[in-house]
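Q: Starting from these lines, generate the structure:
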Amino acid sequence: MTISKQIPNNKLQNTISDEEIIKMVVAGDEEKYGKIISRYEKRLKGFIKKLIGNNLEVDDIVEDSLILAYQNLRGFDAKQQFSSWILRIAHNKTVDYIKKKKPKLVGDDEITNYELRMKTKV
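A: Sure, this is the predicted structure:
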């Protein structure tokens, strides 16, 4: 009996390493990237929720992270763990999101200049 008959198809597919899937995707089998998404989407959501809370943008950040990882697969160093690499991408995307959402603080000089401009208009 062959191994594929002993192990159900979905379990056999899960035995393929991330690195093997990446090699297949880079070689042109782009549909295999769906396996990466299946493996990491839930984990990325949990990771990002820990950083920004249960926010509506979590799904967008996950999607952006998965897209960026896909676009940069050729640059992935197989000496690293893929999970660490994709979590770093998600972390960086989350930090970018936080920086964009952070309110800009206005300095005293800006307030004074604004007040002076308003006085001259009156």
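Q: Distance check, the residue most central in space within the chain against residue 94.
A: The centroid of the chain falls nearest to residue 65 when counting by C-alpha atoms, centre = their mean (2.2 Å). From residue 65 over to residue 94 the distance is 8 Å, taken as C-beta to C-beta, to the nearest Å. Quick note: C-beta positions are derived from backbone N, CA and C, even for glycine.
Q: still on that earlier bit, who's in contact with the residue nearest to the centre of the chain?
A: Residues near residue 65 by C-beta atoms under 8 Å, 6 or more residues apart in numbering: 44, 48, 86, 89-90, 93.
Q: Just the buried ones among those residues, please.
A: When the contacts of residue 65 are checked for burial by 16 or more other C-beta atoms under 10 Å, the buried set is 44, 48, 86, 89-90, 93.
Q: ok, so of these, who is nearest residue 54?
A: The closest of the buried ones among the contacts of residue 65 to residue 54 turns out to be residue 48 (C-beta to C-beta; 10.1 Å).
Q: Switch the buried ones among the contacts of residue 65 over to CSV; also include secondary structure.
A: Formatted as CSV, the buried ones among the contacts of residue 65 follow (DSSP: H, G, I helix; E, B strand; the rest coil):
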residue, secondary structure
44, helix
48, helix
86, helix
89, helix
90, helix
93, helix
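Q: from those, which single one is nearest residue 33?
A: For the buried ones among the contacts of residue 65, the nearest to residue 33 is residue 86 (11.6 Å; C-beta to C-beta).
Q: How about the contacts made by the closest one?
A: Contacts for residue 86 were tallied using C-beta under 8 Å, 6+ apart; they are 36, 40, 44, 65-66, 69.
Q: Likewise for residue 47?
A: By C-beta under 8 Å, 6+ apart, the contact set of residue 47 is 87, 90-91.
Q: One more pass at 7 Å, please.
A: 87, 90 (C-beta atoms under 7 Å, 6 or more residues apart in numbering).
Q: Let me know the helix or strand that it is in.
A: Element membership for residue 47 (DSSP states H and E) is helix 33-52.
Q: Of all the residues in the helix or strand just after that helix, which ones are buried?
A: Note on helix 33-52: by DSSP H and E, the next helix or strand toward the C-terminus is helix 58-71. Buried residues in helix 58-71, defined by neighbour count with 16+ other C-beta under 10 Å: 58, 61-62, 64-66, 69.
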